[in-house]
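Coordinates for the following, if possible.
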Amino acid sequence: MARDTAGAPAGPSPDEHPAVATAEGPQPSPEPRRPRKLLYLTLPGCWGGLIFGCLSFTPSLLPRGGVIQGVVFGITAAIGYGLGVWAASIWRAFADREPRQPRRRAWLTFFIAGAALYVVGFALGQYWQYEIRKLMGVTEYDIPLVVASPFIAAAVFCLLLLIGRGLRGLYRWLAKLLNRWIGPRAARGVGWIVVVGLTYLVISGLLLQGFVNVMNAAYGTRDTTTAEGVHQPTTSLRSGGPGSLIPWNTLGYQGRNFVGKGPSVSDIGNFTGHPAMEPIRIYAGLASANGAEAQASLAVKDLQRAGGFQRKNLLVVTTTGSGWVDPALVDSFEYLSGGDCATVAIQYSYLPSWVSYLVDQAKALAAGRALFDAVYGAWAKIPQGQRPKLYIAGESLGTFGAEAAFTGANDMANTTSGILFAGPPNFNTLWTQFTTDRQAGSPEIQPIYQNGQIVRFTNDSSTGIPPQGQPWTGTRVLYLQHPSDPIVWWSPHLIFSQPDWISQPPGKDVLKTMFWMPFITFWQVTADLPFSTGVPDGHGHRYSAEYVDGFNAVMRTGLTSQQLASLRTTIGKVR
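Predicted structure coming up:
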């Protein structure tokens, strides 16, 4: 393991007090080395940390506030510090010499150059953040937090440095202990394996699982509550209402929101200009039945009871994380179908999507597959001329679960009437297949797959869906994805490899000055994830009014541009 002692300002250099043997007497004992301070710094590490930290000011996908910039700076500076120490140890190995104290002039040069480099990086960073905010129409700017960002960065850097040195100290202690019984090389190897294993167990077992348990308890309690203004339905066309097979108190927080809200018959009628029907909404919560298959079976029975299979349009939605169904998505579907529709969904977790990414991916897959199989099984038994049109939709992690029901584009086309997905995570299996196998010359942010015969992608469904002029008959599968959506573009591969979406011309809401850097870009985009919905509609992970044009394309409603514009305004207010 590399020693990060090169250039340490505290403590004597190893070659300052050599033991000199003389003819007049025995060799004197070397003076004991003073223990180093816990937060001593080395010059090569400081240069690495400064360079990496200043590079973190470069733009990513979304605007960054002072807190996030401080965290990203601290993380990347810690990585740069470690790489600087490692590079210095390699250089010393080739030079065949021990570490030694740098001259005062070297430290003075670092402090002067470092201050100038930080000021330039900070100023450029603020300019780039201003450009991103202007590009997305973001007006919020918290000056006190921006001023505090250097102190946040220093705190994060010191914390990571302490953790790293604590792990190194544990490794050295174990190696020294094991050296009593085994050879030094074996002791170092075993000590390293033990430290890495313990670190993994602590992070994945103790810290992560403890965090998940706390979140489960917190959100499990919230799941028993009901949002203000949401009331139990008085219609039999909704789960939890009169005659429903699913009790109101088992729907969960998001389930009660789903069945307790939505456009009224008069709202839909005023939009279409024709008499409308009351939409059907069916939902099964975690407490409604034991397991995804049982929930799906119960939801289908309640759907049959409410007459959902007798409607003209049937929508299967895979929820995100805590069971949330984007109201803009379902409302758009109900307006465009004139209310002659039914929507069904089930809950698979208490946790919000960003936590479900870590621990509930398997549950999302199981729920998506179970619900579609149950609905499709009942739907397929209905005579062909009497079946409703079967649509699938999902947003974010919901797209991941919904994709599990299909093996590819042809399977999607053969079993559904249309599919609309928004903001698919980068780890989606089919999305990755379609994107990877896109036609040469088409960009990753808006790929063209098999001439757009079945599957298409768009950054803005209101401005057209490529490829223009190509036939799109039969079932339509449409992915909505913003160039600035970190949910779509985040991947562990960002650590070591440049993705196509960065090397190619950027999308409409991504700065041209964004470029890829090892380690740094990964942490920048990672920091964008929790704030992906904190931007105006049409950017980041905010999909609202775009559902109108997305569903209109998939369903082929034939509405006029004026009607669509009016509905976009209505849906844009839904959240």
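
export stretch 394-408 as PDB, just CAs?
Extracted in PDB, the C-alpha atoms of stretch 394-408 (Å, rounded to 0.1, in the frame of the first residue of the first chain):
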ATOM      1  CA  GLY A 394     -44.400   4.200 -16.300                       C
ATOM      2  CA  GLU A 395     -42.000   6.900 -15.100                       C
ATOM      3  CA  SER A 396     -38.500   6.500 -13.700                       C
ATOM      4  CA  LEU A 397     -38.200   3.200 -11.800                       C
ATOM      5  CA  GLY A 398     -41.700   2.400 -13.000                       C
ATOM      6  CA  THR A 399     -40.300   1.900 -16.500                       C
ATOM      7  CA  PHE A 400     -37.700  -0.500 -15.200                       C
ATOM      8  CA  GLY A 401     -40.400  -2.700 -13.600                       C
ATOM      9  CA  ALA A 402     -42.700  -2.400 -16.600                       C
ATOM     10  CA  GLU A 403     -40.000  -3.500 -19.100                       C
ATOM     11  CA  ALA A 404     -39.700  -6.800 -17.200                       C
ATOM     12  CA  ALA A 405     -43.000  -8.000 -18.700                       C
ATOM     13  CA  PHE A 406     -41.500  -8.000 -22.200                       C
ATOM     14  CA  THR A 407     -38.600  -9.700 -24.100                       C
ATOM     15  CA  GLY A 408     -38.200  -7.000 -26.800                       C
END
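
Might you calculate how far that stretch sits from the centre of the chain?
Taking Cα atoms, centre = their mean, to the nearest Å, one finds stretch 394-408 lying 16 Å from the centre of the chain it belongs to.

do the same with stretch 483-502
For stretch 483-502, the distance to the chain centre is 11 Å (Cα atoms, centre = their mean).

residues making contact with that stretch?
60-62, 136, 396, 423-427, 443-445, 459, 481-482, 506-510, 514-516, 518-519, 521-522, 525-526, 528-529, 532, 535, 539-541 (Cβ atoms under 8 Å, 6 or more residues apart in numbering). Any C-beta I mention is one placed from the backbone N, CA and C, and that applies to glycine too.

swap in stretch 544-553?
Against stretch 544-553 from outside (Cβ under 8 Å, 6+ apart): 326, 328-329, 332-333, 335-336, 420, 422, 458, 460-462, 465, 476, 478, 480, 537-538, 557, 559, 564, 567-569, 571-572, 574-575.

go again using 6 Å as the cut-off
By Cβ atoms under 6 Å, 6 or more residues apart in numbering, the surrounding residues in contact with stretch 544-553 are 328-329, 332-333, 336, 420, 461-462, 465, 478, 480, 537, 564, 567-568, 571-572.

and that stretch, which residues are buried?
By 16 or more other Cβ atoms under 10 Å, the buried positions in stretch 544-553 come out as 544-553.

Check which helix or strand Val212 maps to.
According to DSSP states H and E, Val212 maps onto helix 208-222.

CA atoms only: put that helix into CSV for me.
C-alpha atoms of helix 208-222 as CSV (Å, rounded to 0.1, in the frame of the first residue of the first chain):
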residue,chain,number,x,y,z
LEU,A,208,-26.8,0.6,4.2
GLN,A,209,-29.1,-1.9,5.8
GLY,A,210,-29.4,0.3,8.9
PHE,A,211,-30.3,3.2,6.7
VAL,A,212,-32.9,1.2,4.8
ASN,A,213,-34.4,-0.1,8.1
VAL,A,214,-34.7,3.5,9.3
MET,A,215,-36.2,4.7,6.0
ASN,A,216,-38.6,1.7,6.0
ALA,A,217,-39.8,2.5,9.5
ALA,A,218,-40.3,6.2,8.7
TYR,A,219,-42.1,5.7,5.3
GLY,A,220,-44.0,2.7,6.7
THR,A,221,-45.5,5.0,9.3
ARG,A,222,-46.2,7.6,6.6
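
coming back round to it: okay, and which of the contacts of stretch 483-502 map to helices?
Of the positions in these, 136, 521-522, 525-526, 528 sit in helices, assigned by DSSP state H.

give me every residue that touches Gln446.
Contacts of Gln446 by Cβ under 6 Å, 6+ apart are 457, 459.

one more time with 10 Å
For Gln446, the contacting residues are 438, 456-460, 465-467, 479, 481, 483, 501, 507, by Cβ atoms under 10 Å, 6 or more residues apart in numbering.

which one of those sits closest to Asp302?
Distance to Asp302 across those (Cβ to Cβ) is lowest for Tyr479, with 30.1 Å.

A strand includes that closest one, no?
Yes. Under DSSP: H, G, I helix; E, B strand; the rest coil, Tyr479 falls within a strand.

Mind putting the contacts of Gln446 into JSON lines with pLDDT?
JSON lines is the format used below for the contacts of Gln446 (pLDDT from 0 to 100):
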{"residue": "Arg438", "pLDDT": "97"}
{"residue": "Arg456", "pLDDT": "98"}
{"residue": "Phe457", "pLDDT": "97"}
{"residue": "Thr458", "pLDDT": "96"}
{"residue": "Asn459", "pLDDT": "95"}
{"residue": "Asp460", "pLDDT": "90"}
{"residue": "Ile465", "pLDDT": "93"}
{"residue": "Pro466", "pLDDT": "93"}
{"residue": "Pro467", "pLDDT": "94"}
{"residue": "Tyr479", "pLDDT": "98"}
{"residue": "Gln481", "pLDDT": "97"}
{"residue": "Pro483", "pLDDT": "97"}
{"residue": "Trp501", "pLDDT": "96"}
{"residue": "Gly507", "pLDDT": "91"}
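
Buried subset of the residues you listed, written for ChimeraX?
Selection of buried members from the contacts of Gln446 for ChimeraX, criterion 16+ other Cβ under 10 Å:
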select :438,456,457,458,459,460,465,466,467,479,481,483,501,507
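
Trp107: which of the contacts of Gln446 is nearest?
Nearest member of the contacts of Gln446 to Trp107, counting by Cβ to Cβ, is Trp501, at 41.6 Å.

re earlier: in strands, which of the contacts of stretch 544-553 fall?
420, 478, 480 (DSSP state E).

Distance of Ile79 relative to Arg476?
Note on Ile79: its distance to Arg476, by Cβ to Cβ, to the nearest Å, is 44 Å.

Those two: which is more packed in?
The neighbour comparison of Ile79 against Arg476 (other Cβ atoms under 10 Å) goes to Arg476, with 25 against 21.

can you pull the contacts of the more buried one?
391, 412-413, 416-420, 452-456, 465, 550, 553-556.

if you set the cut-off to 7 Å instead, what comes out?
Contact analysis of Arg476 by Cβ atoms under 7 Å, 6 or more residues apart in numbering lists 418, 553-554.

now, which of the residues you listed lie within strands?
Per DSSP E, the contacts of Arg476 map to strands at Gly418.

Check which residues of the helix holding Val212 are buried.
For helix 208-222, burial by neighbour count (16+ other Cβ under 10 Å) applies to 212, 215-216, 219.

same check, this time on stretch 257-274
257-263, 267-269, 271-272.

Next, work out how far apart the residue nearest the centre of the chain and Leu208 are.
By Cα atoms, centre = their mean, the chain has its centre lying nearest to Ile487, at 4.1 Å. Counting by Cβ to Cβ, the gap from Ile487 to Leu208 is 20 Å.

Kindly report the same for Gly323.
Distance from Gly323 to Leu208, by Cβ to Cβ: 22 Å.

cool, and Ala123?
38 Å.

Over to Ser503?
33 Å.

Just the C-alpha atoms of the helix or strand of the chain with the lowest mean pLDDT, please, in CSV.
Of all helical and strand segments in the chain, the minimum by mean pLDDT, DSSP states H and E falls on helix 353-359, at a mean of 71. Output of helix 353-359 as CSV, limited to C-alpha atoms (Å, rounded to 0.1, in the frame of the first residue of the first chain):
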residue,chain,number,x,y,z
SER,A,353,-37.5,6.0,-5.8
TRP,A,354,-34.0,7.1,-5.1
VAL,A,355,-33.7,4.7,-2.2
SER,A,356,-35.5,2.0,-4.1
TYR,A,357,-32.8,2.3,-6.8
LEU,A,358,-30.4,0.8,-4.2
VAL,A,359,-32.5,-1.9,-2.6
